[in-house]
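> Got a predicted model here, sequence first, then my questions.
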Amino acid sequence: MTADVGIHRPPARCPHVMPDTAAIGGPEGGHDQEAGMRGLLRNLTGLVAVALVATGCGGDGDSGADDGELRIAAIFSGPTTDADYNALGLEALNAAEEDGAEVSYSESVAVPDIERVLQEYVADGFDVIWTHGSQFYEATAKIAEQSPDVNFIGEFDGEPEGQPENVWTIDRNFHEVFYPIGTLAANLTKSGKVGYLGGLSLPFSYSEVHAVEQAFDESGESVSLTSVWSGDFNDTVKAQQLTSQLVSDGNDVVITSLNLGAVGAFKAVNDTDPGSTWLTVKYTDKSQNGPEHYAATVLYDFTSPLDEILGEIDGGTTQGRYVIGFGEGKGASVSVGDQVPAEAKAAAEESVAGITDGSIEVELDQSEVK
């Protein structure tokens with residue numbers, strides 16, 4: 001595995017260098033990853049060999065690419081040691097490597113750099129390029145149109161218009177997976193006041209707020225929601241300040257949609273009495289930051305989506321949309337803390353079941369929150 005921080009530098013011999021990082025994960029998927037990847041490797045062996053001759057990667061014979069390995073590149077927006085969104089992406093990429101692919105990645109890539117990094121991976125002869133983060137989708141689609149012989153995987157919240165024929169999208173489906181969190185909060189609050197703390201005020205964040213409000217309306221409980229944004233998913237100081245303000249205003253449940261900023265949110269409530277204030281988090285289990293105030297996690301897993309998309313590409317389907325959702329191997333689940341009252345936990349579980357069987361339909365509303 002090759003890894004570059006910030007800027008991808010094309011490896012002359014594609015060395016396998018593992019970074020010092022832990023694979024921090026959500027739920028394990030239920031699809032047969034090994035079978036899907038093996039089939040893809042067999043069918044693409046000849047194509048990869050030709051691409052490698054053209055690009056000259058591993059020309060001295062030491063690189064595994066000369067053995068016909070599938071070559072997958074990933075681009076991450078932050079550090080893969082974040083124990084959060086980017087670590088989950090690396091976990092999925094590691095699974096592909098374990099199944100025999102050659103993988104490379106760039107981390108902490110800023111949006112202004114994304115087109116150049118994509119072009120370098122195309123020039124290096126990678127077969128599949130995955131951009132992990134919806135902020136990269138526009139550039140991914142642009143470079144895909146210029147590179148019809150390369151398969152791309154992007155992330156988009158909803159259905160993009162004019163999706164290129166060589167692009168798969170992963171829809172993170174935040175509105176649907178946040179509905180049970182709204183149900184949980186409605187049954188957990190004693191004050192009838194719930195706060196929502198996001199990072200950037202983006203359409204996907206608006207959809208989470210609207211889904212929580214829908215859950216409140218359909219819960220039968222009288223609950224109000226106050227929504228605020230810190231302006232940064234990773235700013236722990238700002239998150240702590242805003243959480244303290246929400247709690248002082250009477251919100252006894254705070255739903256966070258943050259990355260590292262969630263650590264600051266826990267700092268704001270850890271001095272309150274156990275059970276008096278609750279926090280929910282996103283992507284990975286962060287309960288160790290405040291177990292007595294931890295309510296739930298919306299857990300994400302990108303290993304199963306990536307494996308399934310690679311299998312579809314293997315079968316000749318180069319364009320599609322993978323919608324993350326609840327169910328075995330679908331990429332999302334809700335984990336409720338042990339300290340949460342049984343009735344609130346049961347209500348959240350019923351919401352998950354209803355969404356899974358179709359009896360609950362969550363509206364996708366990305367309009368700005370007023």
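That came through fine.
> From E91, how far out is S304?
Distance of S304 to E91, given as CB to CB, to the nearest Å: 11 Å. In this view, the C-beta of every residue, glycine as well, is placed from N, C-alpha and C.
> Check which helix or strand V352 maps to.
Assigned by DSSP states H and E, V352 falls within helix 342-357.
> what does the average pLDDT come to for that helix?
The pLDDT scores in helix 342-357 average 98.
> In that helix, which residues are buried?
Buried residues in helix 342-357, defined by neighbour count with 16 or more other CB atoms under 10 Å: 344-345, 347-348, 351-352, 354-355.
> go on, stretch 235-243?
Judged by neighbour count using 16+ other CB under 10 Å, the buried positions of stretch 235-243 are 235-236, 238-240, 242-243.
> What of stretch 255-271?
For stretch 255-271, a neighbour-count test (16+ other CB under 10 Å) marks 255-269 as buried.
> picking that back up, for the helix holding V352, name the packing helices and strands.
helix 174-188, strand 325-326, strand 331-336 (3 or more CB pairs under 8 Å, 6 or more residues apart in numbering; DSSP states H and E).
> what bits of this protein have low per-residue confidence?
Applying pLDDT under 70 to the chain flags residues 1-68.
> Where do the strands of it begin and end?
Using DSSP state E, the strands assigned to the chain run over residues 2-5, 71-76, 102-107, 128-132, 151-155, 167-171, 193-198, 224-229, 253-257, 278-283, 294-300, 320-323, 325-326, 331-336.
> Looking at those strands, which is nearest to F178?
strand 294-300 (6.6 Å; CB to CB).
> Contact partners for S134?
154-157, 172, 204 (CB atoms under 8 Å, 6 or more residues apart in numbering).
> quick one: it from F76, how far?
Relative to F76, and taking CB to CB, S134 is found at 13 Å.
> can I assume T356 is in contact with E328?
No. The criterion here is CB atoms under 8 Å, and T356 misses it with E328 at 10.2 Å.
> contacts for stretch 135-146?
Defining contact as CB under 8 Å, 6+ apart, one finds that stretch 135-146 is touched by 75, 77, 111, 114-115, 118-119, 122, 129, 131, 150, 152, 154-156, 160, 162-164, 166-167, 169.
> Mind checking which of these are buried?
Using 16+ other CB under 10 Å, the buried ones in these are 75, 77, 114-115, 118, 122, 129, 131, 150, 152, 154-156, 160, 163-164, 166-167, 169.
> what's the distance between S244 and Y294?
From S244 to Y294 the distance is 17 Å (CB to CB).
> One more: L202?
Distance from L202 to Y294, by CB to CB: 25 Å.
> Neighbour count: these two, which is higher?
Using other CB atoms under 10 Å, the more surrounded residue of L202 and Y294 is Y294, with 24 against 17.
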